[in-house]
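Chemist: Give the three-dimensional model of this entry:
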Amino acid sequence: MTHPPTKSAAPPGADTVLPAQRAGSPAPAATPARRSAFAEGVEQVRAAVTTEPGRLRLIGAVLAVLIVAFGAVTAWQMTDRAAAADDVLHRSQPLSSSAAEIYRSLADANTAASSGFLAGGQETAASRETYEKDIRTAAAGLVTAAANSEPGSPAEAAVAKLNKLLPEYKGLVERARVYNRQGYPVGGAYLRYANDKMQDEMLPAAQALYEKENARLASDYSDATPYPWAAIVLGLLALAALGWAQLRHYRRTHRVLNHGLVAASAATVVTLLWLVVGHTVARVGLNGSYDHGVRSLNVLHNAQIASLKARGNENLSLVARGAETITVGKKSYDTYYYHFDTDMAALGKGLAQAAELADDSAGSKPVVAAEGNMEVWKKRHTAARDADENGDYQAALDKVIGTDGATAECFVSVDNNLKTALVHEDHEFEERAADGLDAMSGLPIGAAMLGVAAAAGALFGIGRRLSEYR
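Modeler: Below you'll find the predicted structure:
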């Protein structure tokens, strides 16, 4: 029996025509592209807010985000300002005063060295002890400054320079003393060399350190006093959003109060008021500590330094005995007498400024007394200078370092009155700066806690409305 031939399978790679692909059949429809997760999310949110429960959920989320952001930014900004205020009180101002004390100690040591040199073999133990105490104070201050200086900073360079020069200066003073006691005139040359090292190298380095510490103090003030505008703006936005949500709630339900939203609004108002009032009080205290403390301290430090330098130049004028002169314009002057006059002018200007800045009798009284001491000092100095220029060296010496009616008494009185004024102004600074710092105490933590409570209240209030749709 013969079977009909069967069709063989299509060879590999041969086209197979499906029924749908036959002539006249339509092409298959393309599969739609899958949307991104973001697009789907947007669509879901859009669909959700078309219903009242969806809108309420969105409102609750926005309120919570605004309130939490307000609390977080408030905590952050006030933490920074409180830290800067603490630095003003406990770090930068004390370091500034320490730098001023280094300068004062060096200048006073130079003055004590020249006074002891003039006394020669009659140098008192008190004069020697003053010199040694000033050197120790300056050395201790340099240790503190070095510990608080940033590596590679100008302050560190100034400290390193002073640490190098201080032993050199002490060596020159000791050589001057030794030769002076032996009656050798070269002792005066060594003392003048020591004074030049102090005036030309050490005091400028100490001045640079003082200026750097003052700049650090000013930077801390600028960090502590600006208003926290970001937190204030966020607080106002949160309050506006809460007000709008409650107004919307009232219009839709005719219910006057939503307990959760009212609690959230109250917590936000408390935080905002605490922020504005607390920072304003802190700002007033810190600004007062600068205007009535730091400014007065700076002026008094400068006046004290001018007094010390004037005294040193007065002594050195007798040590040099006219050996050094300075030409100003076309006229020649004794170098140390010329610098004495310059320093006394600076002292007078400083005392006048200090008197203007003093805001109570306790601050103005020692300054006025120092002005009186300065006037007597100038009169006695004129008499001593006249005696020196007329060749009566011993009379001039007695009028400068003697025990009765000498300029030394006036210098000591000026210095003591300036110390009294400095103690008073330092107390004024500490009191006002502490008030400013106290006004910010607890505000960062309190703002964060109230922010969490306000956000919880807002979510609770919205949750009560959502429960009505279940």
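Chemist: Identify the residue nearest residue 317 in space, chain neighbours excluded?
Modeler: residue 336 (3.7 Å; CB to CB, 6 or more residues apart in numbering). Just so you know, the C-beta spots here come from the backbone N, C-alpha and C atoms, and that holds for glycine as well.
Chemist: What helix or strand is residue 332 located in?
Modeler: Residue 332 is part of strand 331-334, with elements assigned from DSSP states H and E.
Chemist: cool, and residue 102?
Modeler: In this assignment (DSSP H and E), residue 102 forms part of helix 93-119.
Chemist: Next secondary structure element downstream of that helix?
Modeler: Going down the chain from helix 93-119, the next helix or strand is helix 125-148, by DSSP H and E.
Chemist: which secondary structure elements does the next helix or strand after that next one contact?
Modeler: Later in the chain than helix 125-148, the nearest helix or strand by DSSP H and E is helix 154-181. Contacting helix 154-181 under the criterion 3 or more CB pairs under 8 Å, 6 or more residues apart in numbering; DSSP states H and E are the following elements: helix 93-119, helix 125-148, helix 186-197, helix 203-224.
Chemist: Hey, what's the angle from helix 154-181 to helix 93-119? Just curious.
Modeler: With axes from the mean of the first three to the mean of the last three CA atoms, to 10 degrees defining the directions, helix 154-181 sits at 20 degrees from helix 93-119.
Chemist: How far off centre is helix 154-181?
Modeler: Taking CA atoms, centre = their mean, to the nearest Å, the mean C-alpha location of helix 154-181 is offset from the chain mean by 31 Å.
Chemist: For that helix, buried residues please.
Modeler: Neighbour counts over helix 154-181 (16 or more other CB atoms under 10 Å) mark 155-156, 158-159, 161-162, 165-166, 169-170, 172-173, 175-177, 179-180 as buried.
Chemist: same deal with stretch 409-416?
Modeler: Neighbour-count burial for stretch 409-416, counted by 16+ other CB under 10 Å, picks out 409-411, 413-415.
Chemist: Just put these in a markdown table and tack on pLDDT, secondary structure and distance to residue 231.
Modeler: As requested, the buried residues of stretch 409-416 are exported to a markdown table (pLDDT from 0 to 100; DSSP: H, G, I helix; E, B strand; the rest coil; distance: CB to CB, whole Å):
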| residue | pLDDT | secondary structure | distance to residue 231 |
| --- | --- | --- | --- |
| 409 | 93 | helix | 58 |
| 410 | 95 | helix | 56 |
| 411 | 93 | helix | 54 |
| 413 | 95 | helix | 52 |
| 414 | 96 | helix | 49 |
| 415 | 94 | helix | 48 |
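Chemist: And the helices and strands packed on helix 154-181: which comes nearest residue 39?
Modeler: helix 203-224 (45.7 Å; CB to CB).
Chemist: which helices and strands does the closest one pack with?
Modeler: Judged by 3+ CB pairs under 8 Å, 6+ apart, helix 203-224 is in contact with helix 52-87, helix 93-119, helix 154-181, helix 259-289.
Chemist: so for that helix, what's the average pLDDT?
Modeler: For helix 203-224, mean pLDDT is 93.
Chemist: Show residues contacting that helix.
Modeler: For helix 203-224, the external contacting residues (CB atoms under 8 Å, 6 or more residues apart in numbering) are 80-82, 84-85, 87-88, 91-93, 95-96, 98-100, 102-103, 106-107, 145, 153-155, 158-159, 161-162, 165, 282, 286, 290, 294, 298, 301, 436.
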